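K.L.:
what shape does this take:
(one chain, ligands or ions: 1)
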Amino acid sequence: MIVQAQDAGHPAGGVWTLAEQFEGKLKGVSFELLARGRKLADTLGTRLVSVLIGDGVKEEDLMALIRRGADAVYAVQGPGLKYFVCETYEFVLTRLIREYKPSILLAAATSTGRTLMPYAAIKNHTGLTADCTELDIEEGTGNLLQTRPAIGGNIMATIKTPNHRPQMATVRPKSSRPLPEDPKRTGEIRLIPVPPLPSGGTLVRGYSRDEAGSLGLEEADLVIAGGRGLKKGENFTLIRDLAHSLGAAVGASRDAVDRGWISYPHQIGLSGKTISPKVYIGIGISGAIQHLAGIKTSETIVSINSDPDATLHKIADLAIVGDAFQVIPELRKRLDERKGKTDAEHL
Ligand SMILES: Cc1cc2nc3c(=O)[nH]c(=O)nc-3n(C[C@H](O)[C@H](O)[C@H](O)COP(=O)(O)OP(=O)(O)OC[C@H]3O[C@@H](n4cnc5c(N)ncnc54)[C@H](O)[C@@H]3O)c2cc1C
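P.N.:
Next up, the predicted model:
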């Protein structure tokens, strides 16, 4: 059912998840969040609403949010909202919060979520727990239990926001799987007019592209990551070239990032990104617990390391004990041979 905002009443409360779009296409994290939100809404016996601020997302795509778990979609779309600008998005989000009074608001810990949510939390005089790994409902009170690693990952802390609403949290992308699409699910698509947007003001940060999204690390099926075993920054070209030839995204250990060999958005692990590709290949990476935290949901893990006792080898599905500077060129040679054969077969 599609309704204009002024045509319908609106039950207060409920669980909200923030959908994300880029140039009119919904991002995968929008569906991952719905899986988290569905569980919470069912426990509370309340509605799950997916909120979309953006431009150009078609109604049939909004329906996909319903088919993957939302009871309703609240969409505010217009040219002024095409790209994420923190102040503008916060202005729209806060108006929605004040009008509809959600009990819980979840966003993904993407560049957008990490920028928007703290700003919106302050404007709404409420708390925010970033990078939650677990979310649950406290029996008796109905409060949101927001669990995340603390003190360098040594303990898991559970945080509550008992006195303020909404209870706000971000969740790492790829830390939950979207629910299967249910073509029979129906729900409400509420088209909310864009309010007069503020002009001027201090732009906290605007992206014409989501930096994280543009790298594709969290969405990639194949990730090739390099670590300190590459010895120096110039050698990272080996990783980039290999990734390029295979259509893979480039990742890195924190050590490689700290040394300035590659930028932070490529970092995988506890203080970087969580990835869940079909295949992860770690080259010259020892497998420290903080790095493993970011790769453990990969379907297949491949390790290339000269040390036969490397921790990454122990958890890998395929462990190649060897010098990266010999293994990578050999791998490329064999891939080129295979590509040559395939090209010849197609002639
Ligand atoms: C609070 C906190 C948060 C952290 N967050 C993260 C995070 O998000 N991500 C992260 O990655 N780390 C994180 N770390 C750091 C982490 O503990 C490790 O220090 C880091 O992962 C090590 O990076 P590395 O594997 O590249 O280097 P090393 O541990 O030094 O491993 C290098 C590996 O390369 C191998 N090698 C050497 N030469 C070759 C060769 N020629 N060919 C093949 N292999 C070779 C070695 O055998 C070794 O196993 C965090 C640490 C803390 C305390």
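K.L.:
what does this protein have sitting close to the ligand?
P.N.:
Residues of the chain found near the ligand, taking CB under 6 Å from any ligand atom as the criterion, are 152-153, 227-229, 253-256, 267-272, 284-286, 288, 290-291, 294, 305-307, 310, 323-325. For glycine as for every other residue, the C-beta is placed from the backbone atoms N, C-alpha and C.
K.L.:
if any of the residues you listed are buried, put those into a ChimeraX selection.
P.N.:
Only the buried entries of those go into this ChimeraX selection, using 16 or more other CB atoms under 10 Å:
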select :227,228,229,253,254,255,256,267,268,269,270,271,272,284,285,286,288,290,291,294,305,310,324
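K.L.:
show me the residues of the chain next to the ligand that map onto helices.
P.N.:
For the residues of the chain next to the ligand, membership in helices holds for 254, 255, 256, 290, 291, 324, 325, with DSSP state H as the criterion.
K.L.:
a markdown table for the residues you listed, including pLDDT?
P.N.:
Rendered in a markdown table, the data for those read as follows (pLDDT from 0 to 100):
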| residue | pLDDT |
| --- | --- |
| 254 | 95 |
| 255 | 95 |
| 256 | 95 |
| 290 | 92 |
| 291 | 96 |
| 324 | 98 |
| 325 | 97 |
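K.L.:
how about the helices in the stretch 1-150 of the chain?
P.N.:
For the stretch 1-150 of the chain, the helices defined by DSSP state H, counting those that start in this stretch cover 29-44, 59-67, 86-100, 111-123.
K.L.:
how far does stretch 13-29 sit from its chain's centre?
P.N.:
Here stretch 13-29 is found 11 Å from its chain centre; the criterion is CA atoms, centre = their mean, to the nearest Å.
K.L.:
got the buried residues for it?
P.N.:
Within stretch 13-29, the residues that qualify as buried are 13-22, 26-27, 29, counting by 16+ other CB under 10 Å.
K.L.:
state the pair within these that is farthest apart.
P.N.:
Put simply, by CB to CB the two of those set farthest apart are 13 and 22, 30.0 Å from each other.
K.L.:
tell me the phi and psi of the residue nearest to residue 306 when sequence neighbours are not counted?
P.N.:
Nearest residue to residue 306, sequence neighbours excluded (CB to CB, 6 or more residues apart in numbering): residue 323, at 5.1 Å. Torsion angles at residue 323 (phi, psi; degrees, to the nearest 10) stand at phi -80, psi 120.
K.L.:
look at residue 323 and report its pLDDT.
P.N.:
What the model reports as pLDDT for residue 323 is 98.
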